[in-house]
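Peer 1: What shape does this take:
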Amino acid sequence: MIYNMDFLISAMVILLLILWHFLGQKRAEDLNNRVFLFFAVLGTADVVAEFFTNYYITSYNSDMEKRYRKAGIVRWQNMNIMK
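Peer 2: From the prediction side, this is the model:
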């Protein structure tokens with residue numbers, strides 16, 4: 001499967017621009033600003049985690065599968081639940 005990371009890249013750029021603009025302004029330290037900053041940082045962390053997740057999913061090779069089978073870990077697609 002070929003994964004398209006264009007939307008992740010654009011989301012990261014937009015979130016970083018919003019954070020840069022928000023942190024560059026002088027503002028009162030009230031609850032609204034702290035909550036917005038929390039969710040903006042949380043969204044950026046989510047996009048970064050998605051980058052790493054997609055990298056590891058797309059860099060899968062058959063050598064890893066041999067190690068997993070040796071350790072007794074089976075991919076869920078190979079499990080026969082309904083017999």
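Peer 1: need the contact list for G43.
Peer 2: L15 (C-beta atoms under 8 Å, 6 or more residues apart in numbering). Using the backbone N, CA and C atoms, a C-beta is placed for each residue, glycine as well.
Peer 1: How much space separates I57 from F38?
Peer 2: 28 Å (C-beta to C-beta, to the nearest Å).
Peer 1: Oops, could you answer that again for I9 instead?
Peer 2: On the measure of C-beta to C-beta, I9 and F38 end up 23 Å apart.
Peer 1: before we move on, what about N54?
Peer 2: From N54 to F38 the distance is 25 Å (C-beta to C-beta).
Peer 1: Between those two, which has more neighbouring residues?
Peer 2: N54 (14 against 10; other C-beta atoms under 10 Å).
Peer 1: okay, the more buried one: pLDDT?
Peer 2: You'll see N54 listed with a pLDDT of 83.
Peer 1: repeat for N80
Peer 2: So N80 comes in at 51 (pLDDT).
Peer 1: Pull out the buried residues from the lengthiest helix in the chain.
Peer 2: The longest helix of the chain (DSSP state H) is helix 31-58. Buried residues in helix 31-58, counted by 16 or more other C-beta atoms under 10 Å: A40, G43, T44, V47.
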